[in-house]
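K.L.:
the sequence and its predicted three-dimensional model are supplied below.
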Amino acid sequence: MSGHVERERQGLPRNPVPTVDIIIEFRGGIVLIERANPPHGWALPGGFIDYGESAEDAAAREAKEETCLSLEGLRQFHVYSDPKRDCRTHTITTVFVARGQGELRGADDAETAAVFAPREIPEEMAFDHRRIIEDYLTRRWSPE
């Protein structure tokens, strides 16, 4: 059972849960994963920050777990905090941008992983990830 669910069960204060998402630039596009767990759909790689873990370390860990890629040039992009961004609980995500290194493969809780050209990003995505990518493409897109 995750820590935030256990805190709610014990009647402890309910705080937003910190998460990370990573925009991975790879082979001229952006890496997306198809989620194996609800909510299903395409999403940026990412997940919950573990207790005692930095956001940067969580980004590198989640990228490796879900895509088998190592990250190079990790930099912070933006923070998204709309309480409705995740239907499971109130999360605050720190979004990072990095270049991916290695052989792309979906793993852990990712059914698959694929590279999408900026004009081919799926319309329907999990969470607020479509908005995050649109913000990124508007502000920062520079293919490898």
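P.N.:
Thanks, I have the structure now. Numbering: from 1, shown residues only.

K.L.:
residue contacts, Asp86?
P.N.:
Residues near Asp86 by C-beta atoms under 8 Å, 6 or more residues apart in numbering: 19, 127. Heads up, the C-betas are built off the backbone N, CA and C, glycines and all.

K.L.:
typed the wrong thing, it's Gly29
P.N.:
115-118, 120, 143 are the contacts of Gly29 under C-beta under 8 Å, 6+ apart.

K.L.:
quick one, phi psi at Cys87?
P.N.:
Main-chain torsions, Cys87, degrees, to the nearest 10: phi -70, psi -10.

K.L.:
so which helix or strand of the chain has the lowest pLDDT on average?
P.N.:
helix 3-9 (a mean of 61; mean pLDDT, DSSP states H and E).

K.L.:
what segments of this protein are strands?
P.N.:
17-26, 29-35, 41-43, 46-48, 70-80, 91-101, 110-116 (DSSP state E).

K.L.:
residues of the helix ranked longest in the chain that come out buried?
P.N.:
Identified as the longest helix of the chain according to DSSP state H is helix 55-67. Neighbour-count burial for helix 55-67 flags 55-56, 58-64, 66-67 (criterion: 16 or more other C-beta atoms under 10 Å).

K.L.:
which of those residues lies closest to Gly28?
P.N.:
Thr67 (15.9 Å; C-beta to C-beta).

K.L.:
for that closest one, give its distance to Cys87.
P.N.:
23 Å (C-beta to C-beta, to the nearest Å).

K.L.:
where does pLDDT dip in the protein?
P.N.:
1-9, 12, 140-144 (pLDDT under 70).

K.L.:
shouldn't Ile24 be in contact with Glu62?
P.N.:
No. Ile24 is beyond contact range of Glu62, at 10.4 Å (criterion: C-beta atoms under 8 Å).

K.L.:
list the contacts for the nearest residue to Gly47 once chain neighbours are set aside?
P.N.:
Leaving aside its chain neighbours, Gly47 sits nearest to Glu62 (4.6 Å; criterion: C-beta to C-beta, 6 or more residues apart in numbering). Residues near Glu62 by C-beta under 8 Å, 6+ apart: 20, 22, 45-47.
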